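S.K.: Turn this into a model:
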Amino acid sequence: MLAVLLLLLKFLFGSRAASIPEEVSALRDFQAALTADPTCMTGNWNGDDPCEYGWDGVVCLDDSVISLEFGERQLEGTLPDSIGDLLNLQLLRVSHNNFTGTIPNTLYQIPALKFMWLQDNQLTGTLPPSIYEIENLMELRVYSNDLICGNFDEKRFPCMALDPPCVIEYINDTMLHDACPEDLPLDPVPARTEPFPCAPPPPPPLSAATAPSPPPPLPPPPEPTPTSSTTPTSTATSAT
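M.R.: Below is the predicted model of the structure:
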């Protein structure tokens with residue numbers, strides 16, 4: 001009887017469910033879409049369960065991904081459409097990197113998404129009307145990208161009716177406008193050239209320009225300085 005009770009307790013409290021396969025596949029797609037990862041953020045993305053193995057930047061709750069903390073990692077690449085399969089995602093932070101391409105429309109269909117920080121990248125395209133369908137959105141930061149300004153009405157965001165309202169930052173440090181001011185630059189992030197994948201760059205080959213030069217020749221020894229010798233002279237006195 002005791003053995004049966006122990007097995008029951010192990011089943012109830014000792015086992016854990018694996019991560020949702022669609023979420024694991026979405027993270028693998030994100031990793032495959034990277035073209036540069038100089039800080040080796042994905043260096044510990046081993047195994048098939050990000051929640052069990054503690055993948056860097058991935059936060060889980062109840063074996064489901066709820067947060068992606070990928071900000072300021074010098075990442076380069078694009079955002080895959082499958083990121084929309086993270087249905088329990090509440091926070092997406094890919095700010096201050098070098099992501100290019102468009103923002104996936106599937107991202108706006110995540111029902112749990114509250115914080116979307118995409119600022120300071122090189123993202124292009126426009127924000128479609130489906131962005132207003134993010135019911136739980138609290139913060140949207142997409143400034144400092146190459147996004148094309150459109151006719152957006154910030155009052156259409158459900159979170160703008162809250163007290164206090166949500167934060168909508170579209171271009172640089174200004175709020176989202178119906179039309180983009182002409183005097184505000186888009187200020188894209190310069191491209192980086194760090195190596196990828198996670199490995200130190202090979203040393204540069206030696207060439208005539210980089211090879212060490214021989215030491216300069218020693219200067220000749222100084223010539224001896226001539227010295228003048230004085231000979232005493234005697235004055236003969238003749239007797240008269």
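
S.K.: part of a strand, is residue 124?
M.R.: Yes - according to DSSP: H, G, I helix; E, B strand; the rest coil, residue 124 belongs to a strand.

S.K.: Relative to residue 147, how far out is it?
M.R.: 7 Å (C-beta to C-beta, to the nearest Å). All C-beta spots, glycine's among them, are computed from the backbone N, C-alpha and C.

S.K.: which of those two has more neighbours?
M.R.: When residue 124 and residue 147 are compared on other C-beta atoms under 10 Å, the one with more neighbours turns out to be residue 147, at 22 against 15.

S.K.: Tell me the bridge partners for the more buried one.
M.R.: Residue 147 forms beta bridges with residue 125, as assigned by DSSP bridges.

S.K.: Which pLDDT value goes with it?
M.R.: We note a pLDDT of 79 for residue 147 in this prediction.

S.K.: Then residue 160?
M.R.: For residue 160, the predicted pLDDT is 84.

S.K.: where exactly do the helices run in this structure?
M.R.: 2-9, 21-32, 50-53 (DSSP state H).

S.K.: And these, which one averages the lowest pLDDT?
M.R.: Minimum mean pLDDT among the helices of the chain: helix 2-9, a mean of 44.

S.K.: got a list of what the closest residue to residue 121 other than its chain neighbours touches?
M.R.: Distances taken as C-beta to C-beta, 6 or more residues apart in numbering place residue 99 nearest to residue 121, at 4.3 Å, with adjacent residues excluded. Contact partners of residue 99, counting by C-beta atoms under 8 Å, 6 or more residues apart in numbering, are 75, 76, 77, 78, 79, 118, 121, 122, 123.

S.K.: As a markdown table, the residues you listed with neighbour count would be great.
M.R.: Shown next, in a markdown table, are the contacts of residue 99 (neighbours: other C-beta atoms under 10 Å):
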| residue | neighbour count |
| --- | --- |
| 75 | 27 |
| 76 | 22 |
| 77 | 20 |
| 78 | 15 |
| 79 | 23 |
| 118 | 23 |
| 121 | 25 |
| 122 | 19 |
| 123 | 23 |
